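# below: sequence and its predicted model.
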Amino acid sequence: MTELVVRHESWPLAQTFTISRGSRTTAEVVVVELHGDGVRGSGECVPYPRYDETVEGVIGLIESLRIDLESGLDRETLQERLPGGAARNALDDAFWDLEAKRTGIPVQQRLGISDPAPVITAYTLSLDSPEKMGAAARQNVHRPLLKSKLAGDGDLERMAAIRENAPDATLIVDANEGWSADQVEPFSAELARLGIAMIEQPLPAAQDAILTELDHPVPLWADESCHTSGDLERIAPRYDLVNIKLDKTGGLTEALVLKEKARALDLGVMVGCMIGSSLAMAPAALLAQEVDYVDLDGPLLLGRDRDPGLRYEGSLLYPPLPELWG
């Protein structure tokens, strides 16, 4: 018998975090625990309003499976019972952790990863004025990979200031659907001149078909436009890379499928995250082995993290220890 525990947690951010859709000062997460055979498996998700998710709604979805979970619902059946999204993510990752602890076989071993390596994660600069974003870049000039939140008007000035203050960093940008179609070509041309490596989700997901008609010397990657492997064939002609987030795929199980299918379509892969604690990042840190880019800086943006949490040395992220997950 499996016992379900689900709760809401609020984690303060180190500072206000702003993207094109607004600002936040806390990370609101849902934690799932599955107890069975004297061990506990844990998973964390981040309900995201952009996808019509709320903490209450996600908890309600999880609670709707309580009787089935206690009657033997397993990870494979879960994929059919819930759609991709935050609720399935927390449950799916808790199942992986529970299975590892029940069997004594670490998740990395089950994935065929004999010796997971530390990876370089991006560090995200919150949306602000060019002067403040340039100053933030200067404070993080030691980091090899910086990701900048953008919004449309003023973005070229923002990126010029960041490049000036971080001349040696690899720079990637995330518009969070904040550009218009007529900004894509001129912005991409200028960002190419600044040596920007990638542009994430320039247009709203519902309007991105036009990207096939627009020149963009800087590669584009899909975030809001790609949730699960079922989205890939539709979006592949429009983008060069996909950003895989467990809160979109609905957990590690579907994320592994998405990663494999993206590679088969010759799409680059980034493993990204919502802002959450180390528990949310831990499964993604294993998924992030052998991908093109990693953006798992959620704990670095918190005022405090779980103990034990993931180990970060600057921007170098180490695989999770069993005490945390997996």
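Great, that's in hand.
# and the spatially most central residue of the chain, how far from Pro217?
With distances taken as CA atoms, centre = their mean, Cys273 lies nearest the centre of the chain, 1.7 Å away. Separation of Cys273 from Pro217 (CB to CB, to the nearest Å) stands at 28 Å. Where C-beta positions appear, they are placed from N, C-alpha and C, glycine not excepted.
# give me the mean pLDDT for stretch 279-298.
Confidence for stretch 279-298, expressed as mean pLDDT, is 98.
# run through the helices of this protein in chain order.
For the chain, the helices defined by DSSP state H cover 55-63, 66-70, 75-81, 86-103, 107-110, 130-139, 155-165, 181-193, 232-235, 246-249, 252-264, 278-287.
# list the contacts for Ser315?
120-123, 143-145, 297 (CB atoms under 8 Å, 6 or more residues apart in numbering).
# closest one to Trp221 out of the residues you listed, please.
Closest approach to Trp221 among the contacts of Ser315 (CB to CB): Ala122, at 12.1 Å.
# how close does Gln108 get to Ala100?
To Ala100, Gln108 is 9 Å away according to CB to CB.
# joint contacts of these two?
Joint contacts of Gln108 and Ala100 (CB under 8 Å, 6+ apart) are Gly326.
# shaky segments in the stretch 201-326 of the chain?
Along the stretch 201-326 of the chain, no part satisfies pLDDT under 70.
# tell me the angle the biggest strand by length in the chain makes with helix 86-103.
What stands out as the longest strand in the chain, according to DSSP state E, is strand 3-19. Going by axes from the mean of the first three to the mean of the last three CA atoms, to 10 degrees, strand 3-19 is angled at 130 degrees with respect to helix 86-103.
# and strand 3-19, how far out from the chain's middle?
Counting by CA atoms, centre = their mean, to the nearest Å, strand 3-19 is centred 15 Å from the centre of its parent chain.
# and the contacts of that strand?
23-36, 55, 59, 62-63, 65-66, 69-70, 90, 124, 126-128, 149, 151, 174, 176, 275-277, 301-305.
# select only the buried ones of those residues in ChimeraX?
A single ChimeraX command selects the buried members of the contacts of strand 3-19 (16 or more other CB atoms under 10 Å):
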select :27,28,29,30,31,32,33,34,35,36,55,59,62,65,69,90,124,126,127,128,149,151,174,176,275,276,277,301,302,305
